[in-house]
Each structure stands twice: as structure tokens, then as C-alpha cells.
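A.B. asks: predicted model follows, preceded by the sequence.
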Amino acid sequence: MARPKRNLLATAEETQTPPDVLSDGQSVAKVVKAAGNNLYNVELPSGRSILVELPARFRSTIWIKRGGYLLVDTNALAARDNKLDGEVLNVVRDEKQWRKMSYWPAEFAKKPSYPEDSEDEESTAGKMPPSESDEEA
């Protein structure tokens, strides 16, 4: 059954902006892998790995990728006696905006994508490759 477009747009809009504050039990988590049937293994900032469920409103609407981030609630399913440790509350889509929030975990700080240049190595950027006469000397 297809969902009305307004529901899709509402869900997409909801995931666009981060909440101002997180309540108790809520945390940003990094997606480790999809476990199947709308279940995901995620890693909390503490390094603890938990299994969370994606609610029906996000299914077939917002795609979750490995290495992405989710807002999870670890208290949501505490009363249920099953293997689930939490529920997805929101999907981080505009990561740049979410990273500006005070509750963004330092453990998930963006790592530079380039290697750090060590000062003792001479940079070869913009230089000509060595010629044969240089190698013989």
C-alpha cells in the first residue's frame, strides 16, 4: 500500500531539523549494520552496541546507511521483554546541522579525511619528479 505523498514529505521534513535538547534516555548513535526486518545494530557514544527498531513511519521512506547516525531512545522499549534495546526516534540527514548541537557526542567528532602532514617530511606537492641526472648524483 502506497503512502500519501504528504506523509512522506512530513517524515522527510521531520528528519531535517535536530531537536533543541535530548530527554533522558535519548542519544545519538552510529549505525553499525542492518540486522534485517527494520532492526539495526548501533553504537552508542559509550561504545556499547545495541539493537534498535525503526518505527513504521520511517520504513520505505528514509533510508538508513551504515556509518550514518540515528537519534535513539533506550527507554522506549524498556517495558517490553525482548531483544530490542531501543527505538529510532529520528534519522540524522543534515549531519552538518546536527553536529552543531550541544548534545552531539565528542566520540562521533568528524575525523579529517586527509592524513596529517608530519613536519619532518618534505612535501612533494607542486614539484617535478626527479630526473635521471638527479638519481645518478
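C.D. replies: In hand now; what should we look at? Since the model is a prediction, treat every value here as computed from it, not as a measurement.
A.B. asks: dump the residue contacts of L84.
C.D. replies: By C-beta atoms under 8 Å, 6 or more residues apart in numbering, the residues touching L84 are 39, 51-53, 77. C-betas here are computed from N, CA, C, even on glycine.
A.B. asks: how much space between the residue lying closest to N38 once chain neighbours are set aside and M101?
C.D. replies: Spatial nearest neighbour of N38, excluding adjacent residues (C-beta to C-beta, 6 or more residues apart in numbering): L54 at 4.2 Å. Per C-beta to C-beta, to the nearest Å, L54 is found 22 Å from M101.
A.B. asks: got it, and A35?
C.D. replies: Counting by C-beta to C-beta - A35 and M101 are separated by 27 Å.
A.B. asks: Three-state assignment for K96, please.
C.D. replies: helix (DSSP: H, G, I helix; E, B strand; the rest coil).
A.B. asks: ok, back up a step: read off the pLDDT value for the residue nearest to N38.
C.D. replies: pLDDT, L54: 94.
A.B. asks: that one: how many residues sit nearby?
C.D. replies: By other C-beta atoms under 10 Å, the residues close to L54 number 19.
A.B. asks: wait, it sits on Y40?
C.D. replies: Yes. Look at L54 against Y40 with C-beta atoms under 8 Å: they come within range, at 6.6 Å.
A.B. asks: list the residues that contact both of the two?
C.D. replies: 64, 88.
A.B. asks: how about R66, what does it touch?
C.D. replies: So R66 contacts 31-34 (C-beta under 8 Å, 6+ apart).
A.B. asks: just the residues contacting stretch 69-80, thanks.
C.D. replies: Contacts for stretch 69-80 (C-beta under 8 Å, 6+ apart): 18-19, 22, 24-31, 40, 42, 44, 50, 52-53, 64, 84-92, 95, 98, 108.
A.B. asks: could I have the buried ones of these as ChimeraX selection syntax?
C.D. replies: To isolate the buried ones among the contacts of stretch 69-80 in ChimeraX, judged by 16 or more other C-beta atoms under 10 Å, type:
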select :18,22,26,27,28,29,30,31,40,42,44,50,52,53,64,84,85,86,87,88,89,90,91,92,98,108
